[in-house]
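>>> sequence below, structure please.
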Amino acid sequence: MGDLIKHQFRVTRRAIEQTLEGITPELASIIPEGFNNNIHWQLGHILKTAEFFLFFGEETLPENYQLFFGPGSKPAEWPENVPSIKTLQQQLKEQLERIEQVNVEKFNDKLPKPMIGNETFGEFAAFGAFHESLHLGQIQAIKRLLQASRAK
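As a prediction, the model looks like this:
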């Protein structure tokens, strides 16, 4: 199970990198009509939530990432000093390296209490991989909208 979960994160992260090709920081900051967030936020949210799903209790991201990218946050309310797209992309790569180092036996461990209907670390991590792919879809949709509006 653990190898499959790691594989899913590798596949999704590769797709994220491919989707980001050609996206400038300016484009990544646009919030299209009908959306609450932009590509910049989506990247930070993927990073922040994967940290929670895979390293809860041992998270290494700065505390202010919750303010920037946690559930319910939005770019319209960001204070100064939001990490750049480039920084987030680097942190996603570093995080994937840490995911690769997780001992596959840990995925069998029971959680201290059920979380979002998951009882083992593996189930919780698999939910994190699912969540990440949902946000990849949002990035792809936003990118298509931005490209279509620029083509007009």
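>>> for this protein, longest strand please?
Using DSSP state E, we find that the single longest strand of the chain is strand 110-115.
>>> ok, and what's touching that strand?
The contact list for strand 110-115, computed with CB atoms under 8 Å, 6 or more residues apart in numbering, reads 118, 119, 120, 121, 124. Every residue, glycine included, has its C-beta placed from N, CA and C.
>>> check which residues of that strand are buried.
By neighbour count on 16 or more other CB atoms under 10 Å, the buried set for strand 110-115 is empty.
>>> try stretch 89-108
Residues 89, 91, 92, 95, 96, 99, 102, 107 are the ones in stretch 89-108 that count as buried (16+ other CB under 10 Å).
>>> go on, stretch 131-144?
131, 132, 133, 135, 136, 138, 139, 140, 142, 143.
>>> what score does the residue nearest the centre of the chain have for pLDDT?
When CA atoms, centre = their mean is applied to the chain, the residue found nearest the centroid is residue 46 (0.9 Å). At residue 46, the pLDDT value in this model is 98.
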